[in-house]
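J.: got a sequence here, can you build the structure:
(6 chains)
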Number of protein chains: 4
Amino acid sequence: MPDRNFNEASHAPKRRRRRRKEARPAELIEAGLLEFSEKGFAATRLEDVAARAGVVKGTIYLYFDNKEALFRAAVRSNVLPAIDSVTHLLDAYQDDTESLLRLAFQTIYARLISGEVRIILRIVLAEGPRFPEILEFYHANTISVAKRLIRRILERGVARGEFRADLDVEQPLVVAAPAIVAGLWMTTFDRLEPLDIEAYSRAHADIIMNGLLRRP
Amino acid sequence: MPDRNFNEASHAPKRRRRRRKEARPAELIEAGLLEFSEKGFAATRLEDVAARAGVVKGTIYLYFDNKEALFRAAVRSNVLPAIDSVTHLLDAYQDDTESLLRLAFQTIYARLISGEVRIILRIVLAEGPRFPEILEFYHANTISVAKRLIRRILERGVARGEFRADLDVEQPLVVAAPAIVAGLWMTTFDRLEPLDIEAYSRAHADIIMNGLLRRP
Amino acid sequence: MPDRNFNEASHAPKRRRRRRKEARPAELIEAGLLEFSEKGFAATRLEDVAARAGVVKGTIYLYFDNKEALFRAAVRSNVLPAIDSVTHLLDAYQDDTESLLRLAFQTIYARLISGEVRIILRIVLAEGPRFPEILEFYHANTISVAKRLIRRILERGVARGEFRADLDVEQPLVVAAPAIVAGLWMTTFDRLEPLDIEAYSRAHADIIMNGLLRRP
Amino acid sequence: MPDRNFNEASHAPKRRRRRRKEARPAELIEAGLLEFSEKGFAATRLEDVAARAGVVKGTIYLYFDNKEALFRAAVRSNVLPAIDSVTHLLDAYQDDTESLLRLAFQTIYARLISGEVRIILRIVLAEGPRFPEILEFYHANTISVAKRLIRRILERGVARGEFRADLDVEQPLVVAAPAIVAGLWMTTFDRLEPLDIEAYSRAHADIIMNGLLRRP
DNA sequence: CATGAATGAGCCTTCATTCAT
DNA sequence: TATGAATGAAGGCTCATTCAT
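T.: This next block holds a predicted model:
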């Protein structure tokens, strides 16, 4: 049970009023994210979300119009940050493209392990068909950006003569796919057959790099 | 003319719409498969499943104990056949491993396009966490078998000196991952950004093969 | 499971046609009686009744219009016979009234133990309020007759100077009540606290006889 | 669907019918008690119970887990108080045992007429076989206590030389039976043949007392 | 006569949503 | 802001009843 005893305190010990106004929804979004990812949209009960956030059911409606609004907010919440960090990498990079791509892989796997990204990914795949809007949003803000990113790396490698000249740079998804599958695996089959993420990511980088690099 | 119903019978004879005498359970499973994949388990209404199969709600219970039993049956229905065809390929193969793997890729993509496999895959990923039993079943009967298959191909390649000696044959998932991602893409983002499955699968085979083969 | 294999036999091995026509409903009534007494009217499933009689659900409708009709038939079935035997006793009796009443008690308890009577009694008490018709029927054919019977015995005892002159012969129910309670006990609390029916019926006869007889 | 109070209502703010601020569960139990006794457990519709209590169906589930829980609560509600009052009688009694027993009879009949006790008794007898738990509870808290009570009175009478020495004090049920039967009669056959409760209870006390007392 | 597949109405139960406090 | 009691609309499941075979 989270702390709920600072409510009646006349002087909030921590946050200013302006912050509090955003603190509550954030808690609800966080709680919603977890519930939705565990149960799916339809099977998630707002009562459980509320309990997880330490409030009662009705309180949710102070911040969100309805269940779907909360769902959308939850999905949107953690999407953007995941991309930016990788994007900046590329712009300023000076070294050879192999190490750049390996760096990108490292970043991706680090994020996969953290959990947030995995959860959202699974939710989007699971509920996407019923929420085209979310699908669109996720595609535009995550998938599409990530694809473009990989593609630019591929183009860079080809342009600099590092990658094979006959590479189809239009298919960056192929290059990233093993990481995506790893993320899905960790939210599904991992309990049945744990994935050695270390060895897996090494094999991923190894095979793909080998497949991309120009033969000497 | 029947001197029996001379009374107040004002209603038409109301002939039952009799379908082809196909197996009922199979029709229901088929209908369930589609509904579940569209809406997810919780949001699927048995009434809709029944309607899709041309019967009424109650009829489902003549063949399945409850909603979950139907769900399980739907998932199980199309799992087994998908594997066998590929397995046989390997046992009798005589040619070089590259062409063997390319053949395997071809088979995989052909199945992905057909739809059935894709649907099940998405359902399992989406609802898996709430149905450990199904996850287990699918893992044991599909994922696991497929992984082992790819691994044997990799081992064959290495053993015959065709693939790189330092290849980590313990990570066959990396090799197959792009195909899995393609399958998922087609059930989610394809409407937003259609995947050129031809080019994609070519790039997949191209990059991976290049990554696996020994350098001359 | 009763025999169901004589159905397709072209030559019925046992009964003539006329008998069979009554044999089936009797089986259903018997089965219904048991089910109704165990579960009550509403909770009894015709499927269970049918199974108990070795037929399928639909067959019941060949003999009874609906569930209620079967229920009525079941209740009626074993009512009449229970009374007659006692009635005849009285008419021809020559001995003293004490032994006559003791004989009646014996008969009543013998029947209580057999079960049929008990079951019906419980059903009538349980479902009576919703089936006034049955209540009426049972009252007219069983309760009322039994009451009149006891009353006549009481009157006989008073008339012959054997029973107390100030006895209220209008309340025969008081005299029979312990037997009724015994019957109910055996269908309800007996598992929790078994009734020593021997000692109980002796105490019943003892106390009541003592209460009825004239003081010397 | 949503707000409907701004529309065609000419006036009337449509205030919720707010009952007296009585305890909700108690109202529901009261309503349930009546419905169950009229229709039996299976045939009782929670919608009717709710309507009787002035709420909607769903409200019941705020206080009770399910139909059965409500049923149990209804049975329990009126059991305990019914016993205590009689128990106290015995402990402090100083007078002769005949008047003590007559007093006990009076109390019992007074309660029978009030209705609550009768209703519960009938419910327990009717639904008992399907609710062993309730049967047990009722037996332990009512039947058993009442039996012990009567027995103690009988023992007192015998010990003081007031009742016959050869009395079987192990069968107190025989002594109380006529009252039980009266209670059942009033919930079943009374409409068909009204019971003169005055005369009946007098006959009961008269015969039983006569049967118990030592002959001079 | 009997079957068994199918129907359709009904009820229990859940839960998103509302609202007076 | 937050609560919690209450609502009302579904949806899962059951089962009496029907009917073609």
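J.: only C-alpha atoms from now on, for both contacts and neighbour counts.
T.: Fine.
J.: the helix or strand encompassing A:Ala110 and chain B, any residue contact?
T.: Secondary-structure element containing A:Ala110, defined by DSSP states H and E: helix A:97-114. No - in terms of CA under 8 Å from any CA of the partner chain, no part of helix A:97-114 sits within range of chain B; the closest distance is 13.4 Å.
J.: what packs against that helix?
T.: Other elements packing on helix A:97-114 under the criterion 3 or more CA pairs under 8 Å, 6 or more residues apart in numbering or on different chains; DSSP states H and E are helix A:80-91, helix A:144-159, helix A:172-187, helix A:197-212.
J.: I'd like the average pLDDT over the first one.
T.: Looking back up the chat, that one is helix A:80-91. Mean pLDDT, taken over the full extent of helix A:80-91, equals 70.
J.: coming back round to it: among the helices and strands packed on helix A:97-114, which is nearest D:Leu121?
T.: Proximity to D:Leu121 (CA to CA) singles out helix A:172-187 among these, at 56.4 Å.
J.: keeping just the C-alphas, turn that closest one into CSV.
T.: Included here for helix A:172-187 are C-alpha records, laid out as CSV according to Å, rounded to 0.1, in the frame of the first residue of the first chain:
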residue,chain,number,x,y,z
PRO,A,172,16.7,-1.6,-42.0
LEU,A,173,14.1,-3.7,-40.2
VAL,A,174,16.0,-6.8,-41.0
VAL,A,175,19.0,-5.5,-39.2
ALA,A,176,17.1,-4.5,-36.1
ALA,A,177,14.7,-7.5,-36.0
PRO,A,178,16.7,-9.8,-33.7
ALA,A,179,16.6,-7.1,-31.0
ILE,A,180,12.8,-6.8,-31.4
VAL,A,181,12.4,-10.5,-31.1
ALA,A,182,14.6,-10.5,-28.0
GLY,A,183,12.3,-8.0,-26.4
LEU,A,184,9.2,-10.0,-27.1
TRP,A,185,10.9,-13.1,-25.9
MET,A,186,11.6,-11.6,-22.6
THR,A,187,8.0,-10.8,-22.0
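J.: what is it packed up against?
T.: For helix A:172-187, the helices and strands in contact under the criterion 3+ CA pairs under 8 Å, 6+ apart are helix A:97-114, helix A:116-127, helix A:144-159, helix A:197-212, helix B:172-187, helix B:197-212.
J.: now the longest one: buried residues?
T.: By neighbour count, and taking 16 or more other CA atoms under 10 Å in any protein chain shown as the criterion, the buried residues in helix A:97-114 are A:Thr97, A:Glu98, A:Leu100, A:Leu101, A:Arg102, A:Ala104, A:Phe105, A:Ile108, A:Tyr109, A:Leu112.
J.: do the same with stretch A:48-60
T.: Applying 16+ other CA under 10 Å to stretch A:48-60 flags A:Asp48, A:Val49, A:Ala50, A:Ala51, A:Arg52, A:Ala53, A:Gly54, A:Val55, A:Ile60 as buried.
J.: so what pLDDT did the last one get?
T.: What the model reports as pLDDT for A:Ile60 is 97.
J.: any idea which of the helices and strands packed on helix A:97-114 is most buried?
T.: By mean neighbour count, with neighbours taken as mean count of other CA atoms under 10 Å in any protein chain shown, helix A:172-187 ranks first of those at a mean of 22.
J.: pretty sure A:Ala203 is touching B:Pro172, no?
T.: No - using CA atoms under 8 Å, A:Ala203 is not in contact with B:Pro172, being 9.1 Å away.
J.: in space, what's closest to A:Leu70 - neighbours in sequence excluded?
T.: Take A:Leu70 and drop its neighbours on the chain: the residue closest to it by CA to CA, 6 or more residues apart in numbering or on different chains is A:Phe64, 5.9 Å away.
J.: and that neighbour, how far from chain B?
T.: For A:Phe64, the distance to chain B (CA to the nearest CA, to the nearest Å) stands at 21 Å.
J.: ok, now how distant is that residue from A:Ala42?
T.: When distance is defined by CA to CA, to the nearest Å, A:Phe64 is 17 Å away from A:Ala42.
J.: can you check which helix is longest in chain A?
T.: For chain A, the longest helix by residue count, based on DSSP state H, is helix A:17-39.
J.: and the angle from the helix or strand following that helix to helix A:17-39?
T.: The element immediately downstream of helix A:17-39 (helix or strand, assigned by DSSP H and E) is helix A:46-53. Counting by axes from the mean of the first three to the mean of the last three CA atoms, to 10 degrees, helix A:46-53 points 130 degrees away from the direction of helix A:17-39.
J.: tell me the gap between the helix or strand just after helix A:46-53 and the middle of its chain.
T.: Sequence order places helix A:60-63 as the next helix or strand after helix A:46-53, per DSSP H and E. From the chain centre to the centre of helix A:60-63 is a distance of 25 Å (CA atoms, centre = their mean, to the nearest Å).
J.: right, and the helix or strand after helix A:60-63?
T.: helix A:67-77.
J.: closest approach to chain B from chain A, which residue is it?
T.: A:Gly211 (3.6 Å; CA to the nearest CA).
J.: that residue reaches B:Asn210, doesn't it?
T.: Yes - because the distance of 4.3 Å satisfies CA under 8 Å, A:Gly211 is recorded as touching B:Asn210.
J.: name the helix or strand of chain A that has the lowest mean pLDDT.
T.: Across the helices and strands of chain A, mean pLDDT, DSSP states H and E gives its lowest value to helix A:80-91, namely a mean of 70.
J.: enumerate the residues of chain A near DNA strand F.
T.: Neighbours of DNA strand F within chain A, by CA under 7 Å from any atom of the strand: A:Asn7, A:Lys21, A:Arg24, A:Gly54, A:Val55, A:Val56, A:Lys57, A:Gly58, A:Thr59, A:Leu62.
J.: including distance to chain D, could those go into JSON lines?
T.: Shown next, in JSON lines, are those (distance: CA to the nearest CA, whole Å):
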{"residue": "A:Asn7", "distance to chain D": "26"}
{"residue": "A:Lys21", "distance to chain D": "27"}
{"residue": "A:Arg24", "distance to chain D": "26"}
{"residue": "A:Gly54", "distance to chain D": "20"}
{"residue": "A:Val55", "distance to chain D": "18"}
{"residue": "A:Val56", "distance to chain D": "15"}
{"residue": "A:Lys57", "distance to chain D": "14"}
{"residue": "A:Gly58", "distance to chain D": "15"}
{"residue": "A:Thr59", "distance to chain D": "18"}
{"residue": "A:Leu62", "distance to chain D": "16"}
